[in-house]
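>>> Using only what follows, build the 3D model:
(one chain, ligands or ions: 2)
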Amino acid sequence: MERTFIAIKPDGVQRAIVGEIIRRFESKGFTLVGLKLLQVSRELAEQHYGVHRERPFFASLVDFITSGPVVAMVWEGDGVIASARKLIGATNPLTAEPGTIRGDFGVSIGRNLIHGSDAPETAAQEIQLWFKDEELASWQPTITPWLYE
Ligand code: DAT
Ligand code: MG
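Ligands and ions are numbered 1, 2, ... in the order given. Sure, this is the predicted structure:
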(Lines give C-alpha, C1' and ligand atoms only; values in the text may rest on other atoms or scores of the structure.)
(Ligands and ions follow the chains in the order given, each with its own letter.)
Protein backbone atom coordinates (compact mmCIF):
# COMPACT_ATOMS: atom_id res chain seq x y z
CA MET A 1 0.00 0.00 0.00
CA GLU A 2 1.18 3.50 -0.85
CA ARG A 3 1.61 6.27 1.74
CA THR A 4 1.61 10.05 1.34
CA PHE A 5 2.40 13.02 3.53
CA ILE A 6 -0.36 15.60 4.01
CA ALA A 7 -0.10 18.80 6.07
CA ILE A 8 -2.91 21.20 6.95
CA LYS A 9 -1.19 24.59 6.95
CA PRO A 10 -1.76 27.30 9.60
CA ASP A 11 -4.60 28.87 7.56
CA GLY A 12 -6.48 25.55 7.51
CA VAL A 13 -6.10 25.23 11.29
CA GLN A 14 -7.18 28.86 11.85
CA ARG A 15 -10.13 28.46 9.46
CA ALA A 16 -11.28 25.48 11.56
CA ILE A 17 -11.48 23.06 8.64
CA VAL A 18 -9.17 20.39 10.10
CA GLY A 19 -12.15 18.09 10.70
CA GLU A 20 -13.59 18.76 7.23
CA ILE A 21 -10.27 17.93 5.56
CA ILE A 22 -9.77 14.73 7.57
CA ARG A 23 -13.37 13.77 6.80
CA ARG A 24 -12.73 14.03 3.05
CA PHE A 25 -9.74 11.68 3.22
CA GLU A 26 -11.58 9.24 5.50
CA SER A 27 -14.73 9.28 3.38
CA LYS A 28 -12.75 8.63 0.23
CA GLY A 29 -11.48 5.40 1.78
CA PHE A 30 -7.92 6.24 2.77
CA THR A 31 -6.40 5.13 6.07
CA LEU A 32 -4.89 7.51 8.61
CA VAL A 33 -1.57 6.07 9.84
CA GLY A 34 0.05 9.19 11.35
CA LEU A 35 -1.32 12.39 12.89
CA LYS A 36 0.08 15.23 14.99
CA LEU A 37 -0.33 18.96 15.50
CA LEU A 38 2.91 20.87 15.80
CA GLN A 39 4.52 24.26 15.70
CA VAL A 40 6.92 23.97 12.75
CA SER A 41 10.52 25.16 13.25
CA ARG A 42 12.26 27.25 10.59
CA GLU A 43 14.70 24.38 10.12
CA LEU A 44 11.92 21.89 9.34
CA ALA A 45 10.13 24.41 7.09
CA GLU A 46 13.29 25.14 5.11
CA GLN A 47 14.00 21.43 4.68
CA HIS A 48 10.42 20.66 3.68
CA TYR A 49 10.36 23.44 1.07
CA GLY A 50 14.05 23.04 0.12
CA VAL A 51 13.17 22.45 -3.55
CA HIS A 52 11.75 26.00 -3.65
CA ARG A 53 14.78 27.64 -2.00
CA GLU A 54 15.59 29.80 -5.04
CA ARG A 55 12.01 30.90 -5.71
CA PRO A 56 10.98 34.50 -4.90
CA PHE A 57 8.19 33.30 -2.60
CA PHE A 58 10.44 31.02 -0.50
CA ALA A 59 10.85 33.42 2.47
CA SER A 60 7.13 34.15 2.73
CA LEU A 61 6.36 30.45 2.39
CA VAL A 62 8.64 29.62 5.32
CA ASP A 63 7.25 32.56 7.36
CA PHE A 64 3.73 31.35 6.68
CA ILE A 65 4.20 27.65 7.47
CA THR A 66 5.91 28.59 10.77
CA SER A 67 3.26 31.20 11.70
CA GLY A 68 0.95 28.84 13.59
CA PRO A 69 0.21 25.20 14.25
CA VAL A 70 0.23 22.69 11.39
CA VAL A 71 -1.55 19.33 11.33
CA ALA A 72 0.82 16.74 9.86
CA MET A 73 -0.58 13.45 8.63
CA VAL A 74 0.31 10.28 6.78
CA TRP A 75 -2.46 8.63 4.74
CA GLU A 76 -2.35 5.16 3.21
CA GLY A 77 -4.14 3.50 0.31
CA ASP A 78 -3.80 2.31 -3.26
CA GLY A 79 -2.80 5.30 -5.41
CA VAL A 80 -3.10 7.68 -2.45
CA ILE A 81 -0.31 10.03 -3.62
CA ALA A 82 -1.94 11.05 -6.90
CA SER A 83 -5.47 10.79 -5.54
CA ALA A 84 -4.69 13.09 -2.60
CA ARG A 85 -3.37 15.69 -5.04
CA LYS A 86 -6.75 15.50 -6.82
CA LEU A 87 -8.66 15.87 -3.56
CA ILE A 88 -6.46 18.88 -2.74
CA GLY A 89 -6.79 20.62 -6.13
CA ALA A 90 -4.56 22.99 -8.10
CA THR A 91 -1.91 25.06 -6.32
CA ASN A 92 -3.84 28.31 -6.86
CA PRO A 93 -7.22 28.02 -5.09
CA LEU A 94 -8.77 30.45 -7.56
CA THR A 95 -8.21 28.01 -10.41
CA ALA A 96 -8.68 24.84 -8.35
CA GLU A 97 -11.87 23.01 -9.29
CA PRO A 98 -14.91 23.25 -7.03
CA GLY A 99 -15.15 20.00 -5.09
CA THR A 100 -11.45 20.08 -4.27
CA ILE A 101 -10.23 21.31 -0.87
CA ARG A 102 -8.46 24.36 -2.30
CA GLY A 103 -11.30 24.97 -4.77
CA ASP A 104 -13.92 24.90 -2.03
CA PHE A 105 -12.15 26.81 0.73
CA GLY A 106 -9.48 29.17 -0.65
CA VAL A 107 -8.96 32.31 -2.72
CA SER A 108 -5.20 32.88 -2.82
CA ILE A 109 -2.04 30.93 -3.61
CA GLY A 110 -0.26 32.06 -0.43
CA ARG A 111 -3.15 30.70 1.65
CA ASN A 112 -3.86 27.39 -0.06
CA LEU A 113 -4.61 25.46 3.13
CA ILE A 114 -2.92 22.13 2.59
CA HIS A 115 0.19 20.37 1.34
CA GLY A 116 0.34 16.95 -0.31
CA SER A 117 3.39 15.04 -1.57
CA ASP A 118 3.66 15.10 -5.36
CA ALA A 119 5.41 11.76 -6.14
CA PRO A 120 6.53 8.50 -4.50
CA GLU A 121 10.08 9.81 -3.86
CA THR A 122 8.93 13.06 -2.24
CA ALA A 123 6.29 11.20 -0.22
CA ALA A 124 8.95 8.89 1.23
CA GLN A 125 11.28 11.83 1.97
CA GLU A 126 8.57 13.95 3.57
CA ILE A 127 7.20 11.12 5.74
CA GLN A 128 10.72 10.52 7.03
CA LEU A 129 11.31 14.23 7.59
CA TRP A 130 8.11 14.81 9.58
CA PHE A 131 7.55 11.51 11.40
CA LYS A 132 9.54 9.01 13.43
CA ASP A 133 8.86 5.35 12.60
CA GLU A 134 7.18 4.81 15.98
CA GLU A 135 4.74 7.66 15.28
CA LEU A 136 3.23 5.69 12.40
CA ALA A 137 0.70 2.92 12.96
CA SER A 138 0.38 -0.01 10.58
CA TRP A 139 -3.19 -1.23 10.83
CA GLN A 140 -5.86 -2.61 8.59
CA PRO A 141 -9.37 -1.13 8.82
CA THR A 142 -12.07 -3.79 9.17
CA ILE A 143 -13.92 -2.19 6.22
CA THR A 144 -11.04 -3.04 3.83
CA PRO A 145 -13.02 -5.78 1.96
CA TRP A 146 -15.68 -3.13 1.27
CA LEU A 147 -13.09 -0.79 -0.25
CA TYR A 148 -10.93 -3.21 -2.22
CA GLU A 149 -11.88 -6.19 -4.35
P1 DAT B 1 1.82 22.53 -4.37
O2 DAT B 1 1.62 22.96 -2.93
O3 DAT B 1 0.50 22.54 -5.12
O4 DAT B 1 2.57 21.25 -4.51
P5 DAT B 1 4.27 23.87 -5.19
O6 DAT B 1 5.00 22.67 -4.64
O7 DAT B 1 4.57 24.30 -6.57
O8 DAT B 1 2.68 23.67 -5.08
O9 DAT B 1 4.56 25.11 -4.24
C10 DAT B 1 4.61 24.97 -2.84
C11 DAT B 1 3.85 26.10 -2.19
O12 DAT B 1 4.49 27.33 -2.51
C13 DAT B 1 2.41 26.26 -2.70
O14 DAT B 1 1.52 25.43 -2.00
C15 DAT B 1 2.17 27.72 -2.45
C16 DAT B 1 3.51 28.34 -2.68
N17 DAT B 1 3.63 28.87 -4.05
C18 DAT B 1 3.81 28.13 -5.18
N19 DAT B 1 3.87 28.91 -6.26
C20 DAT B 1 3.73 30.18 -5.80
C21 DAT B 1 3.69 31.45 -6.42
N22 DAT B 1 3.82 31.60 -7.74
N23 DAT B 1 3.50 32.54 -5.63
C24 DAT B 1 3.38 32.41 -4.29
N25 DAT B 1 3.40 31.25 -3.64
C26 DAT B 1 3.57 30.15 -4.39
MG1 MG C 1 4.54 20.80 -3.99
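
>>> State the mean pLDDT of stretch 124-131.
Confidence for stretch 124-131, expressed as mean pLDDT, is 98.

>>> distance between the helix or strand encompassing Gly103 and the chain's centre?
Per DSSP states H and E, Gly103 falls inside helix 101-105. Its chain's average C-alpha position is 14 Å from that of helix 101-105, according to CA atoms, centre = their mean, to the nearest Å.

>>> same thing with stretch 45-53?
On CA atoms, centre = their mean, the centre of stretch 45-53 falls 15 Å from that of its chain.

>>> Pull up the residues of this structure that are close to ligand 1.
Selection of the chain residues close to ligand 1 by CB under 6 Å from any ligand atom yields His52, Phe57, Leu61, Thr91, Ile109, Gly110, Asn112, His115, Asp118. Glycine gets a C-beta too; all of them are placed from N, C-alpha and C.

>>> thinking again about what came up before, list the buried residues in the helix holding Gly103.
Buried positions in helix 101-105, judged by neighbour count with 16 or more other CB atoms under 10 Å: Ile101, Arg102, Gly103, Asp104, Phe105.

>>> nearest to ligand 1, of those residues?
Nearest to ligand 1 among the buried residues of helix 101-105: Arg102, at 8.1 Å, using CB to the nearest ligand atom.

>>> so who does that closest one touch?
Ile88, Gly89, Ala90, Thr91, Asn92, Pro93, Ala96, Asn112, Leu113, Ile114 (CB atoms under 8 Å, 6 or more residues apart in numbering).

>>> thinking again about what came up before, helix or strand right after the helix holding Gly103?
Next along from helix 101-105, by DSSP H and E: strand 114-116.

>>> Walk me through which strands that next one pairs with, and which way each runs.
strand 2-8 (antiparallel) (DSSP bridges).

>>> And for the strand it pairs with, what's in contact with it?
So strand 2-8 is contacted by 17-18, 21, 25, 33, 70-81, 84, 113-117, 120, 123, 126-127, 130 (CB under 8 Å, 6+ apart).

>>> Now a ChimeraX select for only the buried ones of those.
Filtering the contacts of strand 2-8 down to the buried ones (16+ other CB under 10 Å) takes a single ChimeraX command:
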select :17,18,21,25,33,70,71,72,73,74,75,76,77,80,81,84,113,114,115,116,117,123,126,127,130
